[in-house]
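Student: here's my sequence, what's the structure:
(one chain, ligands or ions: 1)
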Amino acid sequence: MSRYAEPMARLIEELKKLPGVGTKSAQRFAFHILRASEDDAAALAEAVRGLKAGLRLCSICNNVTDVDPCAYCSSPTRNQRLICVVEEPTSIAAVERAKGSQGGYQGVYHVLHGTLSPLHGVGPDQLRAGTLLARAERGELDEVILATSPTLEGEATAHWLATALRSFSVRITRIATGVPAGSDIEYADEVSMARAMDGRREL
Ligand SMILES: [Zn+2]
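Tutor: Predicted structure coming up:
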């Protein structure tokens, strides 16, 4: 079926599973790797293997980390009672880049790894919100900032979390819509993100 030798066809098939990589790019990458030195090819393979072996989710906030708890959760200089809830670990970088009126975010994070999406069968049980709700219940939190994206799913998720947190004595806020509607917050520039954090409102 494939006009490539089996090892080449196999690598192309694997590369095509990466986001934004079509057949043409996958072929280009595969031939580049074929031409590379034995050492470079081995280093790439080892980096891929090491990523899965060396990383895990933080047992407190679900951020991707090589140490547990992660650097944020174990930091003595960050406010452990202020939580910014994001959809994906990649969104943390957007919040960290934002330098608002208070000189940048000083709290910690909670990563949900997704949003509610009834169409795709993602309900509250599939979100990783358990440790956040437990911490709120134990009275460990002062404020939870809901920084999910201003998409339909992100808004539904923020609404669900706000309702779930309501019975605990914790301030619940939602970031302002300085982030363009319908976009993911990980792509927000630092000015928009800072404005969104500064302009957060009570829920
Ligand atoms: Zn953590």
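
Student: mind jotting down where the strands sit in the chain?
Tutor: For the chain, strands defined by DSSP state E occupy the ranges 56-57, 64-65, 79-86, 107-111, 143-146, 171-174, 201-202.

Student: got a markdown table for the ones you listed, with mean pLDDT too?
Tutor: Converted to a markdown table, those look like this (pLDDT from 0 to 100):
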| stretch | mean pLDDT |
| --- | --- |
| strand 56-57 | 93 |
| strand 64-65 | 94 |
| strand 79-86 | 96 |
| strand 107-111 | 97 |
| strand 143-146 | 96 |
| strand 171-174 | 95 |
| strand 201-202 | 88 |
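
Student: of all these, which one is nearest residue 17?
Tutor: Proximity to residue 17 (C-beta to C-beta) singles out strand 64-65 among these, at 19.1 Å. Where C-beta positions appear, they are placed from N, C-alpha and C, glycine not excepted.

Student: that closest one vs the ion: in contact?
Tutor: No - counting by C-beta under 5 Å from the ion, no contacts exist between strand 64-65 and the ion, the nearest distance being 6.4 Å.

Student: got CSV for the strands of the chain, with mean neighbour count too?
Tutor: Converted to CSV, those look like this (neighbours: other C-beta atoms under 10 Å):
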stretch, mean neighbour count
strand 56-57, 14
strand 64-65, 18
strand 79-86, 20
strand 107-111, 24
strand 143-146, 22
strand 171-174, 19
strand 201-202, 9
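
Student: of all the ones you listed, which one is nearest residue 28?
Tutor: Closest to residue 28 of the strands of the chain is strand 64-65 (C-beta to C-beta; 28.3 Å).

Student: ok, now which ones touch residue 155?
Tutor: residue 148 (C-beta atoms under 8 Å, 6 or more residues apart in numbering).

Student: go on, residue 158?
Tutor: For residue 158, the contacting residues are 146, 148, 174, 203, by C-beta under 8 Å, 6+ apart.

Student: repeat that for residue 98.
Tutor: With the criterion set at C-beta under 8 Å, 6+ apart, residue 98 makes contact with 104, 105, 188, 190, 191, 193, 194, 196, 197.
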